[in-house]
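In: 3D, please:
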Amino acid sequence: MNFILFDDPVFRNQLKPVTLTRPVSEIRMGVITIAEKWSRRQEGQYSYLTEAYLQSKFAVNYAADNIYLNASVLPDNQILDKILTLENGQALTKSGKILAVNTNQHLGFGFDNLGFEQVEWEGDVSFLTKLPDLFLKNAAQISSDFRLLTHGRQSAPVTDKYTSVYGEENIFIEEGVSIKSSILNAENGPIYIGKNAVIQEGSLIIGPAAIGEESMVAFGAKIRPNTTLGPVCRVGGEVGNSIFMGYSNKAHDGFLGNSFIGEWCNLGANTNNSNLKNDYKEVKLYNYHTSQLEPSGEIFCGTFMGDYTKAGISTMFNTGTVVGVASNVYGADFQEKFIPSFTWGGKLSGYEDYRYDKAIEVINTTMGRRAMKLSADDEAILKFISDNKKKE
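Out: The predicted model follows:
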C-alpha cells in the first residue's frame with residue numbers, strides 16, 4: 001500500500017520552528033515520530049507531501065492508488081481501521097477537516113477537498129495543530145507508544161541493587177541499558193528506556209517518560225513527568241513536560257519546562273526557562289502563520305527551539321519563547337520572546353544575522369564529533385531558511 005503523509009499548510013506554519021527543517025510527520029512525540037507511529041501499525045510504502053524546499057530530502061512517491069494521511073493526526077488503531085475501508089474517491093473527515101483520502105490522483109501540497117465523497121469519522125481524533133500541543137499531548141503519546149513498542153515483549157531487568165523501582169510493570173528497558181543508583185517511578189505512567197541508554201547515579205525519572213536510544217540522563221538529573229528524550233541526547237538538571245527531538249544536549253544543571261528542543265541543539269550550563277508568568281496570565285506565543293504574538297491558550301508554556309540552535313551558559317528564556325533554526329543565543333537578561341533563524345547575539349549585546357557559511361561550519365563541527373555531517377539536501381534546506389529568514 002502506498003501511503004502519503006501530507007502537511008496541512010496552516011498547521012504546518014503554526015508548528016514552526018519545529019517544522020522549518022522537517023515535515024510534520026517527522027516530529028517526535030511520545031517515543032517515536034508520527035511517521036513511525038503509522039508505519040509500525042500498518043506496513044506499506046510511506047512518503048511525504050510537504051513544502052517544495054523540503055521535498056529534495058523528504059520526497060513524495062505516487063502510485064496508481066494512494067492513501068493520503070493527514071500528518072497532524074496522531075494515529076490510533078481505530079482510525080487506521082476506518083481509513084483502510086475507504087474506497088477510491090472517498091475522504092475521511094472530522095468536522096470538515098480531512099483525515100485521510102483514498103485516490104488515484106497525484107495531489108499537490110495544500111490540496112483541498114476537490115470533490116471527494118466525505119465519510120465522517122464519528123470517533124475522537126487528536127490533532128497536532130500548534131506548538132503547545134507538543135507538550136500537552138506528549139503524555140498520552142508516551143503511553144500509546146509504550147503499548148505499541150512493548151506488546152508481547154519482555155523488558156530487560158533492573159540489576160543494580162542500589163536502584164529503586166516503583167511500578168515495575170510499567171517500565172520497559174531495552175538491551176544494553178546501564179542504570180546505577182537511580183529512582184524510577186512509573187506508578188502514574190510508563191517509563192520506556194531505549195537501547196544502550198545510560199542513567200547515571202542519583203537520577204530521578206518519573207513517568208510518563210521516554211529515554212531514547214543511546215541517550216544519557218546525567219547524574220543527579222530530575223526528569224519530571226511527560227518528558228521525552230530522543231536518541232543520543234545528554235540531559236541533566238531539571239526537565240519536565242518537554243521533548244528533545246534527538247542529538248541535543250542539556251548536560252548541566254538548569255530548569256526546562258513545557259518546551260520542545262529540536263535536533264543538534266545545545267543548552268549551556270545553568271540555562272533556564274520560565275514556563276509560568278508571575279501574574280499567572282495566559283502566555284502569548286509567536287505564531288509563524290500570523291507573524292505576530294498570539295494567545296497560546298495556556299498558562300504554562302516554555303521554550304520552542306528549532307534545530308541546530310545553541311544557548312550560552314546562564315541563558316534565560318522568557319515564558320513562551322520561540323527560537324528559530326541555527327541561531328546562537330547568549331548573554332544576561334531574559335532573551336526576546338521571538339528570535340528568528342540564523343541569529344547571533346543576545347538581549348543586552350544585540351542580535352545580528354548569523355552568517356550562513358559560519359553556521360554551516362559550526363554545525364558540521366558539532367556533528368563531526370559523532371562522525372556525521374550535513375547532507376547536500378540538509379544544506380539546501382538550511383540555505384533556503386537562511387535566505388528567507390526575513391519572512392519569519
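
In: What is the neighbour count of residue 229?
Out: Other residues near residue 229 come to 31 when the count uses other C-beta atoms under 10 Å. Heads up, the C-betas are built off the backbone N, CA and C, glycines and all.

In: That one and residue 144, how far apart?
Out: 18 Å (C-beta to C-beta, to the nearest Å).

In: And for residue 20?
Out: 26 Å.

In: Give me the domain ranges for this protein.
Out: Domains of the chain are assigned by automatic domain parsing as 2-128, 134-391.

In: what would those domains look like in a markdown table with mean pLDDT?
Out: As requested, these are arranged in a markdown table below (pLDDT from 0 to 100):
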| stretch | mean pLDDT |
| --- | --- |
| domain 2-128 | 96 |
| domain 134-391 | 97 |
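
In: what about the helices in this structure?
Out: 9-14, 34-41, 77-83, 133-136, 138-150, 356-368, 376-387 (DSSP state H).

In: As JSON lines, the ones you listed with distance to residue 106 and mean neighbour count would be great.
Out: Shown next, in JSON lines, are those (distance: least, C-beta to C-beta, whole Å; neighbours: other C-beta atoms under 10 Å):
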{"stretch": "helix 9-14", "distance to residue 106": "18", "mean neighbour count": "18"}
{"stretch": "helix 34-41", "distance to residue 106": "20", "mean neighbour count": "19"}
{"stretch": "helix 77-83", "distance to residue 106": "19", "mean neighbour count": "16"}
{"stretch": "helix 133-136", "distance to residue 106": "30", "mean neighbour count": "22"}
{"stretch": "helix 138-150", "distance to residue 106": "31", "mean neighbour count": "20"}
{"stretch": "helix 356-368", "distance to residue 106": "34", "mean neighbour count": "15"}
{"stretch": "helix 376-387", "distance to residue 106": "22", "mean neighbour count": "17"}
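
In: and residue 302, which of those helices is closest to it?
Out: Proximity of these to residue 302 was assessed by C-beta to C-beta; the nearest stretch is helix 133-136, lying at 7.6 Å.

In: How far off centre is that closest one?
Out: Relative to its parent chain, helix 133-136 has a centroid offset of 9 Å by C-alpha atoms, centre = their mean, to the nearest Å.

In: next one: stretch 367-379
Out: Chain-centre distance of stretch 367-379: 20 Å, with C-alpha atoms, centre = their mean.

In: and if you look at stretch 147-165?
Out: Offset of stretch 147-165 from its chain centre (C-alpha atoms, centre = their mean): 25 Å.

In: contact partners of it?
Out: Contact with stretch 147-165 is made by 31-32, 37, 40-41, 168, 171-175, 177, 179-184, 186, 192, as judged by C-beta atoms under 8 Å, 6 or more residues apart in numbering.

In: And it, what's buried?
Out: 148-150, 155, 158, 163, 165 (16 or more other C-beta atoms under 10 Å).

In: For those residues, which two are the farthest from each other?
Out: Using C-beta to C-beta, these span at most 26.0 Å, a distance reached by 148 and 163.

In: close enough to count as contact, residue 14 and residue 289?
Out: Yes - under the criterion of C-beta atoms under 8 Å, residue 14 makes contact with residue 289 at 5.0 Å.

In: What residues does residue 239 make contact with?
Out: Going by C-beta under 8 Å, 6+ apart, residue 239 touches 221-224, 227, 250, 255-257.

In: Can I get the buried part of those as one PyMOL selection?
Out: Per 16+ other C-beta under 10 Å, the buried members of the contacts of residue 239 correspond to this PyMOL selection:
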select buried, resi 221+222+223+224+227+250+255+256+257
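
In: Look at stretch 187-205 and report the distance between its end residues.
Out: Using C-alpha to C-alpha, to the nearest Å, the span of stretch 187-205 from its first residue to its last is 11 Å.

In: go on, stretch 5-13?
Out: Terminal residues of stretch 5-13 lie 16 Å apart, using C-alpha to C-alpha.

In: what's it in contact with?
Out: Residues outside stretch 5-13 that contact it (C-beta under 8 Å, 6+ apart) are 19, 23-25, 34-35, 38, 46-51, 68-72, 97, 107, 109-111, 127-130, 287-289.

In: of these, buried ones?
Out: 19, 23-25, 34-35, 38, 46-51, 68-72, 97, 107, 109, 111, 127-130, 287-288.

In: Narrow those to those in strands?
Out: Among those, DSSP state E puts 46-49, 68-70, 97, 127, 287 in strands.

In: and those as JSON lines, adding distance to residue 340?
Out: Shown next, in JSON lines, are those (distance: C-beta to C-beta, whole Å):
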{"residue": "46", "distance to residue 340": "32"}
{"residue": "47", "distance to residue 340": "30"}
{"residue": "48", "distance to residue 340": "25"}
{"residue": "49", "distance to residue 340": "27"}
{"residue": "68", "distance to residue 340": "32"}
{"residue": "69", "distance to residue 340": "31"}
{"residue": "70", "distance to residue 340": "28"}
{"residue": "97", "distance to residue 340": "30"}
{"residue": "127", "distance to residue 340": "27"}
{"residue": "287", "distance to residue 340": "14"}
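
In: Tell me the one among these nearest to residue 358.
Out: Each of those was checked against residue 358 using C-beta to C-beta; the closest is residue 287, at 29.2 Å.

In: now the residue nearest to the closest one when sequence neighbours are not counted: how far from residue 322?
Out: Distances taken as C-beta to C-beta, 6 or more residues apart in numbering place residue 294 nearest to residue 287, at 4.3 Å, with adjacent residues excluded. For residue 294, the distance to residue 322 (C-beta to C-beta) stands at 11 Å.

In: out of these two, which sits in the busier spot?
Out: More neighbours surround residue 322 than the other of residue 294 and residue 322, with 25 against 15 (other C-beta under 10 Å).

In: wouldn't residue 266 be in contact with residue 252 here?
Out: No - using C-beta under 8 Å, residue 266 makes no contact with residue 252, being 10.5 Å away.
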